[in-house]
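In: I would like to see how this sequence folds:
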Amino acid sequence: MLDYIFGLLSYDVGIDLGTANTLVHVKTKRVLAIGEEAKKMLGRNPATIEVIRPLKDGVIADFDATEVMLRHYILRVHETGHAIPRIPKPRVVIGIPSGVTEVERRAVQEAALSAGARQCFLIEEPMAAAIGAKLPITDPGGLLIVDIGGGTSEIAIISLGGIVLNKSLRIAGDELDEAITHYMRLKYNVLVGERTAEEIKITLGNAHQSAFKGTDKVMVIRGRDLESGLPKSIKITAAEVREAMLPTLREITGGVADLIEETPPELVSGLIS
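Out: All right, here's what the predicted structure looks like:
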């Protein structure tokens, strides 16, 4: 009966934990910002403010910070101006990497329940990605899913509504950002921050020279000259970004090839067709 009442007065919530940031004041332990708001302060925070990533490589690295973050979003979803208030006791579905251990699964569920969820269900991220893309997951032919997140790249073969084979690589968007930062330091002797590297990846990131229809797209970025210590502006091209990212991308495509090699012949033929 109580579950029925909570169902009427709360929303069902889907959460992709990802690798969101949480900003914590070191002395008071008070949370100052969460998610995108915290991300905007990366590299600008004073010594008294610490930037925490509650999740690392797709799994919980800081249980308390994860609980605070989940509670924040559950409360935000239930904010309403209606006469009938919403009670923040939702059923929650959380996407998790396909290769997590049973201990890691329990940690996610416990964090969600501690944050106020009345029930917590877990779904593997490749399956969630396929459902979100409205792919025919119940077909027998087989689907190859590659979901490149921030901390992990999820590769899976899906058939008849289930995951037949899966591979979780701890190589993803964060490593692409690091590759760009490393490239800028080696080639231009310029240091760029995490946010700038991500912006370069989003704007110019590509895996093939045809990505921008024959034109080599250019972007002006600002960083710090490692020799003089002064701000410096330089132009970087899409071809350079591709060169920076290729070693990391090859590791991901290598993971895809490895999984295809393990796939039953009946499903491989369906993937190719």
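
In: make it CA atoms for all contacts and neighbour counts henceforth
Out: Noted.

In: helix or strand right after the helix or strand bottoming out on mean pLDDT in the chain?
Out: Within the chain, confidence by mean pLDDT, DSSP states H and E is lowest for helix 2-9 among all helices and strands, at a mean of 48. Moving toward the C-terminus from helix 2-9, the next helix or strand (DSSP states H and E) is strand 13-16.

In: mind giving me the packing neighbours of that next one?
Out: Under the contact criterion of 3 or more C-alpha pairs under 8 Å, 6 or more residues apart in numbering; DSSP states H and E, strand 13-16 touches strand 91-96.

In: can you give the contact residues for the strand it packs on?
Out: 11-17, 58-59, 105, 112, 117-125, 128 (C-alpha atoms under 8 Å, 6 or more residues apart in numbering).

In: got the residue ranges for the strands in the stretch 1-150 of the chain?
Out: In the stretch 1-150 of the chain, the strands defined using DSSP state E, counting those that start in this stretch lie at 13-16, 22-25, 31-34, 49-52, 55-56, 59-60, 91-96, 119-124, 143-148.

In: closest to residue 135 out of those strands?
Out: strand 143-148 (8.3 Å; C-alpha to C-alpha).

In: neighbouring strands - and their directions - for the closest one?
Out: Strand 143-148 has its sheet partners listed here by DSSP bridges as strand 153-159 (antiparallel).

In: what separates the residue lying closest to residue 190 once chain neighbours are set aside from residue 179, distance-wise?
Out: Nearest residue to residue 190, sequence neighbours excluded (C-alpha to C-alpha, 6 or more residues apart in numbering): residue 225, at 4.6 Å. Distance of residue 225 to residue 179, given as C-alpha to C-alpha, to the nearest Å: 18 Å.

In: can you classify residue 252 by secondary structure?
Out: Going by DSSP: H, G, I helix; E, B strand; the rest coil, the secondary structure assigned to residue 252 is helix.

In: can you list the domains in this structure?
Out: 2-17+54-127, 136-273 (automatic domain parsing).

In: out of those, nearest to residue 43?
Out: Checking the domains of the chain against residue 43 by C-alpha to C-alpha gives domain 136-273 as the closest, at 6.9 Å.

In: now that closest one: average pLDDT?
Out: Averaged over domain 136-273, pLDDT sits at 91.

In: may I see the domains of the chain arranged in TSV, with distance to residue 40 and mean neighbour count as well?
Out: As requested, the domains of the chain are exported to TSV (distance: least, C-alpha to C-alpha, whole Å; neighbours: other C-alpha atoms under 10 Å):
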stretch	distance to residue 40	mean neighbour count
domain 2-17+54-127	16	17
domain 136-273	8	17
